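Visitor: Predicted model, plus sequence, below.
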Amino acid sequence: MPVAELHAVTKNYGAIAALRGIDLTIEPGEVVSLLGPNGAGKTTAVRILLGLVQPTSGRAEIFGHPPASQYARLRRGAQLQVARVPETLRVREHIQLFSSYYEKPLPLEETLAAAGLGSIRNRFFGELSGGQKQRVLFALAICGNPGLLFLDEPTVGLDVEARRALWARIRGFAQRGGSVLLTTHYLDEADALSHRIAVIHRGKIVAQGTPAEIKQRGASEGLEDAFLAITGNQDAVEEVA
């Protein structure tokens, strides 16, 4: 059974079709990147899988359950681009608080180790650097021991060293059997982390495959050029149609 699935999902906002019959699956231990231009439908697809909005038609499931169900909520974690937590709590206090929301959270020490926070556990959140804050948000996403992790632009604003450190944490999560749905505008990030990439454009999945397969389809050695070729070709097809 896939960890997460969208099957023939559409979503309309009035006369605007945000999603036009997309199919997407995420398997156990798999990192899947959902890539697309702004307004392509990425956010809508993620919000449906998070149970925040309902599809107009089609089926969405998390571990075989509706995304808004209590079962699904307890089996997933999310590190969203817009996130605010109190700056006057210590790192360990944030993790302890979030862990209390779950039935079977990870032990504190395991979460601290997985996010690389052991040495700063007693520091206040407001005292941390940007990279350290991102690691805390990653810790809050995994402390409930989820099987599926949503990461929305997890390394925005980080320097190269901090980005690579967080990449290592994400790889570690997947190696332990967790699944990840990643949305990012850093195509080198998607190339480095993904087992599979899905390109969404104008509400449709227009390409899926490993990073190598996406590059081959875009007739390019680089993912960025391949991405531009795929979405540009799709624009040409739709204009002809």
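Guide: Right, received. Where do you want to start? Residues are numbered from 1 along each chain as shown.
Visitor: rest of the way, CA atoms for contacts and neighbours
Guide: Noted.
Visitor: Low-confidence ranges, the chain, go.
Guide: 82, 234-241 (pLDDT under 70).
Visitor: so where do the helices sit in it?
Guide: 42-49, 70-74, 91-99, 108-115, 130-142, 160-175, 187-193, 211-217, 223-240 (DSSP state H).
Visitor: Comparing those helices, which comes out most buried?
Guide: A comparison of those by mean neighbour count, using mean count of other C-alpha atoms under 10 Å, puts helix 130-142 on top with a mean of 23.
Visitor: how many degrees apart are it and helix 160-175 in direction?
Guide: 10 degrees (axes from the mean of the first three to the mean of the last three C-alpha atoms, to 10 degrees).
Visitor: So that it lines up with my notes, have the first residue be 597 from now on.
Guide: With the count now opening at 597, the last piece we talked about shows up as helix 726-738.
Visitor: ok so, going back, make CSV out of the helices of the chain and add distance to Phe659.
Guide: Below are these laid out as CSV (distance: least, C-alpha to C-alpha, whole Å):
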stretch, distance to Phe659
helix 638-645, 11
helix 666-670, 7
helix 687-695, 21
helix 704-711, 23
helix 726-738, 17
helix 756-771, 16
helix 783-789, 23
helix 807-813, 25
helix 819-836, 30
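Visitor: looking at these, which is closest to Met597?
Guide: Using C-alpha to C-alpha as the measure, helix 666-670 is the one of the helices of the chain that comes nearest Met597, at 14.2 Å.
Visitor: what comes into contact with that closest one?
Guide: 646, 658-659, 661-663, 698-699, 740, 742 (C-alpha atoms under 8 Å, 6 or more residues apart in numbering).
Visitor: Looking at those residues, which is nearest Leu733?
Guide: Gly740 (12.5 Å).
Visitor: Next, give phi and psi for the closest one.
Guide: phi -80, psi 10 (degrees, to the nearest 10).
Visitor: go on, Pro750?
Guide: phi -70, psi -20.
Visitor: contacting residues around it?
Guide: The neighbourhood of Pro750, defined by C-alpha under 8 Å, 6+ apart, consists of 675-677, 730, 780.
Visitor: from those residues, which two are the most distant?
Guide: Gln730 and Thr780 (14.7 Å).
Visitor: Contacts only, for the residue nearest to Gln650 when sequence neighbours are not counted.
Guide: Ranked by C-alpha to C-alpha, 6 or more residues apart in numbering and with sequence neighbours excluded, the top spatial neighbour of Gln650 is Ile644, at 5.9 Å. Ile644 is in contact with 650-651, 656, 663, counting by C-alpha under 8 Å, 6+ apart.
Visitor: so which of the helices of the chain gets nearest Phe720?
Guide: Closest among the helices of the chain, using C-alpha to C-alpha: helix 687-695, at 6.1 Å.
Visitor: Run the chain-centre distance for the closest one.
Guide: Mean-position distance between helix 687-695 and its chain equals 22 Å (C-alpha atoms, centre = their mean, to the nearest Å).
Visitor: Kindly format the C-alpha coordinates of it as PDB.
Guide: Extracted in PDB, the C-alpha atoms of helix 687-695 (Å, rounded to 0.1, in the frame of the first residue of the first chain):
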ATOM      1  CA  VAL A 687      14.800  23.800  22.100                       C
ATOM      2  CA  ARG A 688      14.100  20.800  24.300                       C
ATOM      3  CA  GLU A 689      10.900  22.400  25.600                       C
ATOM      4  CA  HIS A 690       9.600  22.900  22.100                       C
ATOM      5  CA  ILE A 691      10.200  19.300  21.300                       C
ATOM      6  CA  GLN A 692       8.700  18.000  24.500                       C
ATOM      7  CA  LEU A 693       5.600  20.100  23.900                       C
ATOM      8  CA  PHE A 694       5.100  18.900  20.400                       C
ATOM      9  CA  SER A 695       5.800  15.300  21.300                       C
END
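Visitor: Thank you, goodbye.
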